[in-house]
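Q: heads up, no residue letters with this:
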């Protein structure tokens with residue numbers, strides 16, 4: 001190995017370590033804040049190492065069971081949104097990719113346009129609609145709201161992935177007598193599995209972190225997700241910063257672990273269909 005090659009390798013390693021440090025530091029700082037006393041929090045020089053003596057803050061945060069309930073609600077909402085958006089996005093993406101019908105271009109443009117609309121703009125009409133159908137203050141209603149917001153991007157990503165599948169595979173299956181549903185399930189789905197995994201991650205994270213719909217449509221404290229429950233710690237007279245950081249850390253870690261397991265599919269799925277085969 002030449003000196004130039006060794007120097008380049010060292011630079012790459014240093015760059016990876018710096019990027020890793022930047023990515024991990026927010027989690028570490030949340031842990032440090034959670035495991036700090038009030039005196040350390042408001043000291044002139046910040047504490048850089050967690051205080052193991054403050055580990056009881058996690059027990060305090062979990063003592064009344066509210067935090068666990070919030071996390072379970074968030075998991076139900078995120079998983080439900082992922083299932084609904086994928087279940088509807090696959091046939092929609094397939095229809096946009098393989099079928100020709102009047103208004104297809106308009107439908108695609110409308111799907112793209114919906115991604116330009118902020119959630120706050122959709123709250124009022126959705127609130128009125130959900131109140132009419134009795135979907136307010138329910139996890140099912142919140143799942144539908146999140147699914148409606150994330151479905152367009154799921155469908156468009158899957159459309160791009162299906163565009164990359166040669167039509168000759170489907171034509172050969174039709175010659176053998178396969179029905180359109182069988183072609184979708186047995187030929188297309190295995191080939192676009194990375195894209196399905198990528199869109200599943202996108203849908204899961206959107207619902208896991210969503211706040212605007214949750215704080216507007218959910219009134220009962222017992223079914224609030226963690227994104228809303230954490231905000232309830234903020235009070236007029238004081239905010240238990242350590243407890244907030246402890247719950248926020250427990251809220252963040254499951255999503256990080258989920259992404260670490262799925263990140264290879266995210267990269268592969270997002271690039272699938274970029275070049276037609």
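A: Now that the structure is in, tell me what you want to look at. As the structure is a computational prediction, the values presented were derived from the model and not from experiment.
Q: From the chain's centroid, how far away is the host helix or strand of residue 21?
A: For residue 21, the host element (DSSP states H and E) is helix 3-34. Helix 3-34 has its C-alpha centroid displaced from the chain centroid by 25 Å (CA atoms, centre = their mean, to the nearest Å).
Q: packing partners for it?
A: helix 241-271 (3 or more CB pairs under 8 Å, 6 or more residues apart in numbering; DSSP states H and E). For every residue, glycine as well, the C-beta is placed using N, CA and C.
Q: the inter-axis angle of the helix it packs on versus helix 3-34?
A: 140 degrees (axes from the mean of the first three to the mean of the last three CA atoms, to 10 degrees).
Q: State the mean pLDDT of helix 241-271.
A: Averaged over helix 241-271, pLDDT sits at 78.
Q: Helix or strand: which one has residue 183?
A: Judged by DSSP H and E, residue 183 forms part of helix 180-183.
Q: Excluding its own residues, what touches that helix? List them.
A: 170, 173, 174 (CB atoms under 8 Å, 6 or more residues apart in numbering).
Q: from these, which would you call buried?
A: Burial by neighbour count, 16 or more other CB atoms under 10 Å: within these this picks out 170, 173.
Q: Buried residues, the helix holding residue 183. List them.
A: residue 183.
Q: With stretch 120-127 instead?
A: Buried, per 16+ other CB under 10 Å, within stretch 120-127: 122, 123, 126, 127.
Q: Just put the residues you listed in CSV and tack on pLDDT.
A: Output for the buried residues of stretch 120-127, formatted as CSV (pLDDT from 0 to 100):
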residue, pLDDT
122, 86
123, 90
126, 91
127, 92
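Q: These into JSON lines, with extra columns for distance to residue 211?
A: Output for those, formatted as JSON lines (distance: CB to CB, whole Å):
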{"residue": "122", "distance to residue 211": "14"}
{"residue": "123", "distance to residue 211": "11"}
{"residue": "126", "distance to residue 211": "15"}
{"residue": "127", "distance to residue 211": "15"}
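Q: Keep only those of these that are in helices.
A: 122, 123, 126, 127 (DSSP state H).
Q: if I pick the most centrally placed residue in the chain, what's in contact with it?
A: Centroid check for the chain by CA atoms, centre = their mean gives residue 205 as the closest residue, at 0.9 Å. Residue 205 is in contact with 78, 255, 259, counting by CB under 8 Å, 6+ apart.
Q: The same query, at a cut-off of 7 Å, please.
A: Residues in contact with residue 205 (CB atoms under 7 Å, 6 or more residues apart in numbering) are residue 255.
Q: ditto for residue 124
A: Contacts of residue 124 by CB under 7 Å, 6+ apart: none found.
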